[in-house]
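1. Give the three-dimensional model of this entry:
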Amino acid sequence: MKKYLLLIAAFSLSIGASFAQGTWVSQATGFPATSTGVRNVHVVDSNTVWISSYDGAGTALNYRDYSYTIDGGATWIPGVVPAPTGYAWSQIFGLDGQTAWAVLYNAVAGWGGGIWKTVDGGVIWTQQGVGQIYTTTGISFPNVVHFWDANNGFAMGDPVATKFEMYTTADGGTTWVPVPPANIPVSIANDEYGIVDHYEVLGDTVWFDTNKGRVLRSVDRGITWTVSSTGITVPANNVIDIAFWNSNEGIARLFNAATGVQTARRTLDGGLTWNPFIPVGNMLGSDIEYVPGSPSRLVSTGANVNFVIGSSYSDDGGLNWTDIEIGTQRTALGIYDATTMWAGGFTTSPTTDGIFKYAPLVAVACGDPSINSGVISAPDSTICFGDTLFITTSGANPPSVGTTFGFSVIVSSGDISGNPDPLSQPGILGGTGVVFPAPASIPTTLPNTGTPFAAGVYYFTPVVFGNATGTGSIFQLTLDPACTYTGTSVMFTLYAPGDPACSVGLNENNTSFTANAFQNASGILQLDITSVKQAYLAVNIFDVTGRLVSTNQVNVTTGNNSHSIDISGLDAGAYVIRLADDNNISILKFVKN
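-> This is a model prediction of the structure:
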């Protein structure tokens with residue numbers, strides 16, 4: 001029957017451009033399944049946030065997992081709403097660190113669902129309005145719940161008999177009162193519906209959008225409603241977004257998930273009329289939210305890897321957009337103020353990633369003693385033909401001044417250690433994109449396939465810089481020698497096919513565990529691992545271009561272990577698997593049919 005944002009892929013991409021406003025800092029949702037995505041983020045205050053989940057691995061599982069924090073994201077507490085198996089999230093709404101409402105729909109039947117409430121931080125969830133709300137066979141579908149305080153709220157669902165199924169409550173949801181049908185505009189078509197978690201509230205005014213490009217508005221907390229058309233024609237399986245920054249001014253936009261084209265409208269009268277405009281810059285397609293306390297600042301996120309992904313902001317109500325960072329998938333947004341906001345992502349493990357908190361940058365000036373270009377390390381310095389070079393840079397801390405700043409790795413035919421103007425040196429051959437902020441360790445991969453680098457000796461050098469101009473990879477920038485810090489070059493040898501040096505068996509892996517990988521009859525990647533100790537192994541999968549396409553973590557015990565990894569989201573072809581614990585690395589290959 002519906003109704004997702006259809007903009008999300010299963011795994012995260014990590015290379016991004018630098019930016020001067022702030023950075024997204026990873027926090028762990030605690031969700032148990034790898035690639036769990038964040039469907040919606042509800043920020044209660046600067047410390048309290050509730051989030052809901054969805055299956056980001058593309059396997060169409062129905063998740064009821066949620067997580068919340070009461071300490072600004074330092075700790076996330078996961079749980080599962082005890083709705084029936086096969087139910088999935090429409091929305092979560094938090095009132096404080098103990099009280100929240102969960103809206104879930106029956107994803108198996110395609111209709112039905114309900115509202116659950118907790119008053120003890122998720123220890124007990126109780127379904128509200130059982131047998132009374134969202135019960136019309138084959139039709140009912142709950143989308144949204146909102147509360148102004150502990151007692152007063154409203155809920156919205158799809159049309160039943162041409163009228164949206166809406167309720168209000170004055171007792172915290174113990175009793176839900178139907179909005180009189182006479183107060184609700186008639187649906188424009190039999191297949192018009194609302195969108196899960198698509199609504200805006202400012203004061204007593206509520207807006208929500210539909211798949212037919214219309215916007216419904218109530219100025220009395222959901223009791224009476226009016227409707228207008230944005231004039232946007234919405235293709236099948238697409239939806240519009242709306243954002244308002246005061247009672248009169250707002251925007252509506254369609255991000256076409258098939259073409260990446262944006263269609264935008266602006267209102268100056270609370271949504272009664274809408275006028276077209278063309279956004280300048282990257283207004284991204286996953287979510288768009290107003291920043292409370294600002295005159296008209298909006299933030300957008302993008303997660304559809306077929307188009308631009310990342311995050312951006314506008315200070316003029318969506319007319320002009322500035323990139324925060326580009327190249328990393330961001331899903332749903334939750335914003336408290338200009339310096340406190342969260343963006344969803346994808347869970348790498350129960351203790352890694354999934355939600356990201358915005359951190360305004362503290363400028364690191366040129367010459368600051370904390371600046372460090374980082375140190376490159378690798379399990380091997382000699383790479384036979386067909387094998388893959390894996391290098392890791394750790395300890396990098398770039399300056400953060402000027403328009404463009406960040407970290408890169410330069411590949412050259414000679415040693416350029418410590419050179420303040422590395423791009424002017426002869427023999428510069430390639431390198432990575434710009435990364436900021438620099439994580440604790442930065443992986444870089446290079447398959448030895450003869451391209452782009454033939455057999456020979458190469459030097460890899462970490463570089464951090466500030467006050468650069470330009471955008472794109474480091475080779476598209478103009479660096480400032482007074483604010484460029486070039487680290488120590490590390491030499492690697494790539495061997496040609498059949499080189500005699502490889503016939504004696506170069507020790508590429510340096511490992512205390514062994515592994516085999518194969519695709520089983522169900523299309524699942526099977527890993528058989530023999531380990532000499534108990535350990536957690538990072539399992540990273542790279543395609544033939546060296547692009548990281550899947551990140552997982554497995555726990556192995558002494559002896560033989562077997563683990564399954566879903567690879568249904570990967571294209572057919574050859575892949576490299578890198579398994580690593582704190583001290584050891586194993587490299588193996590598999591071909592997906």
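2. What part of the chain, helix or strand, is modelled with the least confidence?
-> helix 500-503 (a mean of 72; mean pLDDT, DSSP states H and E).
3. And the contacts of that helix?
-> Helix 500-503 has contacts (C-beta atoms under 8 Å, 6 or more residues apart in numbering) with 382, 384, 385, 495. C-beta here means a position set from N, CA and C on the backbone, and glycine is covered the same way.
4. Next secondary structure element downstream of it?
-> strand 513-519 (DSSP states H and E).
5. So which residues lie in contact with that following strand, not counting its own?
-> 525-532, 535, 537, 556, 567, 577, 579, 581, 584, 586, 588-593.
6. In that strand, which residues are buried?
-> Using 16 or more other C-beta atoms under 10 Å as the test for burial, strand 513-519 gives 513, 515, 517.
7. What strands line up against that strand, and which way round?
-> strand 524-531 (antiparallel) (DSSP bridges).
8. outside of the strand it pairs with, which residues touch it?
-> Strand 524-531 is touched from outside by 512-520, 537, 539, 554, 556-567, 577, 579, 590, 592, with contacts defined as C-beta under 8 Å, 6+ apart.
9. on that earlier part again, tell me how far the least confident helix or strand of the chain lies from the chain's centre.
-> Its chain's C-alpha centre and that of helix 500-503 lie 44 Å apart, by C-alpha atoms, centre = their mean, to the nearest Å.
10. Pop out the phi and psi values for residue 69.
-> phi -130, psi 150 (degrees, to the nearest 10).
11. Can you name the residues that contact it?
-> 27, 47, 48, 49, 75, 76, 77.
12. one more time with 6 Å, if that's ok
-> Residues counted as contacts of residue 69 (C-beta atoms under 6 Å, 6 or more residues apart in numbering) are 49, 76.
13. And the one 4 residues further on, by the same measure?
-> By C-beta under 6 Å, 6+ apart, the residues touching residue 73 are 27, 357.
14. now swap in residue 389 and tell me
-> Taking C-beta under 6 Å, 6+ apart, we find residue 389 in contact with 383, 446.
15. returning to that earlier point: would you mind listing the buried residues in the least confident helix or strand of the chain?
-> Residues residue 502 are the ones in helix 500-503 that count as buried (16+ other C-beta under 10 Å).
16. again with stretch 420-439
-> Buried positions in stretch 420-439, judged by neighbour count with 16+ other C-beta under 10 Å: 422-423, 425, 428, 430-438.
17. Which two of those residues have the greatest separation?
-> The span of the buried residues of stretch 420-439, defined through C-beta to C-beta, is set by 425 and 437 at 26.5 Å.
18. Where does pLDDT dip in this protein?
-> Scanning the chain for pLDDT under 70 picks out 1-21, 437, 439-441, 503-512, 522, 536, 544-548, 581-585.
19. the domain parsing of it - what is it?
-> 22-360, 375-502, 509-592 (automatic domain parsing).
20. which one of those domains lies closest to residue 366?
-> Closest approach to residue 366 among these is made by domain 375-502 (3.8 Å; C-beta to C-beta).
21. Tell me how far the closest one lies from the chain's centre.
-> Distance, centroid of domain 375-502 to centroid of chain: 27 Å (C-alpha atoms, centre = their mean).
22. Ends of that domain, what's the gap?
-> Domain 375-502 has its terminal residues 27 Å apart, counting by C-alpha to C-alpha, to the nearest Å.
23. How about stretch 121-135?
-> End residues of stretch 121-135 are separated by 27 Å (C-alpha to C-alpha).
24. for stretch 93-103, same thing?
-> With C-alpha to C-alpha, one end of stretch 93-103 sits 8 Å from the other.
25. Run through who's touching that stretch.
-> 42, 44, 48, 50, 70, 81, 90-92, 115-121, 142, 145, 147.
26. Out of these, name the ones that lie in strands.
-> 42, 50, 90, 91, 92, 115, 116, 117, 118, 142, 145, 147 (DSSP state E).
27. Show me the strands paired with the host helix or strand of residue 541, marking each as parallel or antiparallel.
-> Per DSSP H and E, residue 541 falls inside strand 535-543. With DSSP bridges as the test, strand 535-543 is paired with strand 548-556 (antiparallel), strand 573-580 (antiparallel).
28. Export these as JSON lines, with columns for mean neighbour count and distance to residue 162.
-> Below are the strands paired with strand 535-543 laid out as JSON lines (neighbours: other C-beta atoms under 10 Å; distance: least, C-beta to C-beta, whole Å):
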{"stretch": "strand 548-556", "mean neighbour count": "19", "distance to residue 162": "46"}
{"stretch": "strand 573-580", "mean neighbour count": "19", "distance to residue 162": "50"}
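29. would JSON lines of these with distance to residue 282 be doable?
-> Output for those, formatted as JSON lines (distance: least, C-beta to C-beta, whole Å):
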{"stretch": "strand 548-556", "distance to residue 282": "23"}
{"stretch": "strand 573-580", "distance to residue 282": "30"}
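30. Select, out of the ones you listed, the one closest to residue 165.
-> Comparing those by their distance to residue 165 (C-beta to C-beta), the top pick is strand 548-556, with 40.4 Å.
31. Now the element after that closest one, going C-ward?
-> Next along the chain from strand 548-556, counting by DSSP H and E, comes strand 559-566.
32. elements contacting that following strand?
-> With contacts defined as 3 or more C-beta pairs under 6 Å, 6 or more residues apart in numbering; DSSP states H and E, the packing partners of strand 559-566 are strand 524-531.
33. Mind doing that once more with 8 Å?
-> If you count contacts as 3 or more C-beta pairs under 8 Å, 6 or more residues apart in numbering; DSSP states H and E, strand 559-566 packs onto strand 524-531, strand 535-543, strand 548-556.
34. How far away from the center of its chain is the shortest one?
-> So that's strand 524-531. With C-alpha atoms, centre = their mean, you get 28 Å for strand 524-531.
35. rewinding a little: put the buried members of the contacts of stretch 93-103 into a PyMOL selection.
-> Entered in PyMOL, the line below selects the buried ones among those, by 16+ other C-beta under 10 Å:
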select buried, resi 42+44+48+50+70+81+90+91+92+115+116+117+118+119+142+145+147
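36. mind putting the buried residues of stretch 420-439 in TSV, distance to residue 345 and secondary structure included?
-> Output for the buried residues of stretch 420-439, formatted as TSV (distance: C-beta to C-beta, whole Å; DSSP: H, G, I helix; E, B strand; the rest coil):
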residue	distance to residue 345	secondary structure
422	32	helix
423	33	helix
425	37	coil
428	34	strand
430	29	strand
431	26	strand
432	21	coil
433	19	coil
434	20	coil
435	16	strand
436	17	coil
437	15	coil
438	18	coil
